[in-house]
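S.K.: Mind looking at a prediction? Sequence and model below.
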Amino acid sequence: MTTSNSNVGAPASGAMSRVQNAPYRPRVASPKDKPMKQSSYRLALVVACASVTLSACSGGRSEAEELVRSGLKDPESARFGEFYFNKETKKACLTVNAKNSMGGYTGDQQFALRRDDDGWTYVDDNEESPTDCRERYADKAN
């Protein structure tokens, strides 16, 4: 004769009914909630200010990327790498890998750019290392 115990693992008698019948009690705001919200807003403000500051310090990388992207056959395929901007010469080198007209990636290429009051200007692109681009173009005064 086999006996089955259908109550194994079940809550004690009446425990489930007490939980199901418990009245809903909304959470009451405490005085501690307000400072938490204020600190969250402060944190968001600090993060926003930091990102604006960093983008200003980057030498306009996003604008340089947009210029390069606008001249590519498949702008959406662009994968940007290293960016170097010399503040004294106002020249930059940007590493880009993008798809060609056959749909294959070309490999890293260096785009030499110049910055003036009107924004970025395309100068040249070569298959060279970022270091070579810096030495050949960005760090040269002329």
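M.R.: Received it, and whenever you're ready, just let me know what you need.

S.K.: Output the lowest mean pLDDT helix or strand found in this structure.
M.R.: helix 33-57 (a mean of 48; mean pLDDT, DSSP states H and E).

S.K.: got a list of contacts for the next helix or strand after that helix?
M.R.: Next helix or strand after helix 33-57 toward the C-terminus (DSSP states H and E): helix 61-70. Applying Cβ atoms under 8 Å, 6 or more residues apart in numbering, the contact partners of helix 61-70 are 55, 75, 78, 80, 83, 85, 92, 94, 96, 111, 113, 115, 119-122. In short, each C-beta sits where N, CA and C put it, glycine included.

S.K.: can you check stretch 92-108 too?
M.R.: 59, 61, 64-65, 68, 72-75, 77-86, 109-115, 120, 125, 127, 130, 133-134, 137-138.

S.K.: Try it again at 7 Å.
M.R.: Identification of contacts with stretch 92-108 by Cβ atoms under 7 Å, 6 or more residues apart in numbering yields 59, 64-65, 68, 72-74, 77-85, 109-113, 115, 127, 130, 133-134, 137-138.
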